[in-house]
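Enquirer: mind looking at a prediction? Sequence and model below.
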Amino acid sequence: MSEANAAVRLDIDGPVLIITLSRPKVLNAVNTEMSKELSAAIRELDHRSDLRVGVITGAGGNFCAGMDLKAFAQGERPFLEEGGFAGLVEKLPTKPLIAAVEGYALAGGFEIVLSCDMLVASRNAQFGLPEVRRGLIAAAGGLLRLPRLIARNLAMELALTGRNLTAEEAWEAGLLNRLVDVGGALPAALDVARIVASGAPMSVATSKNLILHGRTWAESDMFDRQKPAADAVLASQDAIEGARAFVQKREPVWVGR
């Protein structure tokens, strides 16, 4: 459904939007064009009622090598006013986003991964924040999100040394949802996406939002802060439909409200 020369290719698989970073000759490095196209893809995911989940992957056997340094050296900055780097890291979609990683996910590529809600990777995947070796800084979420997902000292090592994290290390660190054979990241991510898409849209979106934001709430008031969102879900048409479908032993038909 995308133009052949697009920096981001979009395909639809039922309720799943497959977003493919498509500059394989430069390991899918992010330039301004890709940032704009990825931002548009995320908007499409959130605004279309027939789409429930996004899966983001890379073309040519790698996920993304980060910012296009050649373009950067020529003065280009792939940061958008809305969304920041890649049009994504500072404005996350409401709907779930799953990363399917083969090969390299480095620097800004790793930060795109860290902006996703789940991560499926093949055994040849490598993750890293090598910015300190280029006189840069992992300002697109790497320094902020990575320590929330893995042990602080490991995050510190990766940020300060710039070394790569292997897929096996990422699995042991609890960063991955699935570790699969080479070539299997996208199919496995789609399997997970279809399961997520089978849930009630409002329930899924609210659950994602509470997990993202609830971790900063104090225990003394976290249930009070959760209550408005939980009450809205419990009062929804889909809540009634889910209960009826369970009693009637049939699949629910969600309306998203």
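Expert: The structure has been received and is ready for your questions. Numbering: from 1, shown residues only.
Enquirer: beta partners of residue 97?
Expert: Following DSSP bridges, residue 97 is listed with bridge partners residue 54.
Enquirer: all helices for the stretch 51-200 of the chain, in order.
Expert: 69-73, 108-114, 142-149, 152-161, 167-172, 185-197 (DSSP state H, counting those that start in this stretch).
Enquirer: can you put those helices in TSV and add distance to residue 20?
Expert: All C-beta spots, glycine's among them, are computed from the backbone N, C-alpha and C. Formatted as TSV, those follow (distance: least, CB to CB, whole Å):
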stretch	distance to residue 20
helix 69-73	20
helix 108-114	13
helix 142-149	22
helix 152-161	26
helix 167-172	20
helix 185-197	9
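Enquirer: residue 253: how many residues sit nearby?
Expert: 10 (other CB atoms under 10 Å).
Enquirer: mind listing what it touches?
Expert: 241, 245 (CB atoms under 8 Å, 6 or more residues apart in numbering).
Enquirer: can you pull the buried residues of stretch 135-155?
Expert: 136, 138, 140, 141, 142, 143, 145, 146, 147, 150, 154, 155 (16 or more other CB atoms under 10 Å).
Enquirer: any idea of the mean pLDDT in stretch 217-233?
Expert: Confidence for stretch 217-233, expressed as mean pLDDT, is 94.
Enquirer: one more: stretch 181-190?
Expert: Stretch 181-190 comes out with an average pLDDT of 98.
Enquirer: from now on call the first residue 29
Expert: Yes, from this point I'll number from 29; that puts the last item at stretch 209-218.
Enquirer: leaving out the residues flanking it, which one is nearest to residue 107?
Expert: Among residues not flanking residue 107 along the chain, residue 113 sits closest, at 5.2 Å (CB to CB, 6 or more residues apart in numbering).
Enquirer: give the full set of residues in contact with the one you found.
Expert: With CB under 8 Å, 6+ apart, residue 113 has these contacts: 58, 63, 95, 106, 107, 136, 139, 167, 168, 169.
Enquirer: who touches the second one in this structure?
Expert: Under the criterion of CB under 8 Å, 6+ apart, the contact partners of residue 63 comprise 106, 107, 108, 111, 113, 114, 115.
Enquirer: roughly how far does the second one sit from residue 138?
Expert: Relative to residue 138, residue 107 is positioned 16 Å away (criterion: CB to CB, to the nearest Å).
Enquirer: quick one, longest helix in the chain?
Expert: Longest helix in the chain, counting residues (DSSP state H): helix 60-75.
Enquirer: flag the shaky bits of the stretch 129-278 of the chain, pLDDT-wise.
Expert: Nowhere does the stretch 129-278 of the chain drop to pLDDT under 70.
Enquirer: count of neighbours near residue 257?
Expert: Residues near residue 257, counting by other CB under 10 Å: 17.
Enquirer: and residue 285, by the same measure?
Expert: Counted with other CB under 10 Å, the neighbours of residue 285 add up to 10.
Enquirer: quick check, it in contact with residue 265.
Expert: Yes: with contact defined as CB atoms under 8 Å, residue 285 counts as touching residue 265 (5.6 Å).
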